[in-house]
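**Student:** Would you be able to build a 3D model of this:
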Amino acid sequence: MAKTSMRLLLGSDAVNAVRSTLESRLKEVEAWAEYSVKTDY
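**Tutor:** Model prediction:
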């Protein structure tokens, strides 16, 4: 049985909107990753 989604997206517009937002956030994370990991100690 498939695991139930905590965030059920209804309709292609919702899927596309969330996908676009997440892709944008991932690009930002990747752009700053070099600096972010330098704070490890």
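
**Student:** May I have stretch 7-27 as CSV, with CA atoms only?
**Tutor:** Coordinates of each C-alpha in stretch 7-27 appear next as CSV, following Å, rounded to 0.1, in the frame of the first residue of the first chain:
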residue,chain,number,x,y,z
ARG,A,7,0.2,17.3,1.2
LEU,A,8,-2.2,16.1,-1.4
LEU,A,9,-2.0,18.4,-4.4
LEU,A,10,-5.3,18.5,-6.4
GLY,A,11,-5.0,19.4,-10.0
SER,A,12,-2.3,20.0,-12.5
ASP,A,13,-2.1,23.7,-11.6
ALA,A,14,-1.3,22.9,-8.0
VAL,A,15,1.3,20.3,-9.0
ASN,A,16,3.0,22.8,-11.4
ALA,A,17,2.9,25.6,-8.8
VAL,A,18,4.5,23.5,-6.1
ARG,A,19,7.0,22.0,-8.4
SER,A,20,8.1,25.5,-9.6
THR,A,21,8.4,26.7,-6.1
LEU,A,22,10.5,23.8,-4.9
GLU,A,23,12.7,24.0,-8.0
SER,A,24,13.3,27.6,-7.3
ARG,A,25,14.2,26.9,-3.6
LEU,A,26,16.5,24.1,-4.6
LYS,A,27,18.4,26.4,-7.0
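
**Student:** What residues of it count as buried?
**Tutor:** Of all the residues in stretch 7-27, not one is buried under the rule 16 or more other C-beta atoms under 10 Å. From N, CA and C alone the C-beta is placed, and that goes for glycine too.

**Student:** Offset the numbering so it begins at 196, please.
**Tutor:** Sounds good: first residue 196 from here, last item stretch 202-222.

**Student:** How far off centre is that stretch?
**Tutor:** Mean-position distance between stretch 202-222 and its chain equals 8 Å (C-alpha atoms, centre = their mean, to the nearest Å).

**Student:** Quick one: mean pLDDT for that stretch?
**Tutor:** Here stretch 202-222 scores 97 as its mean pLDDT.
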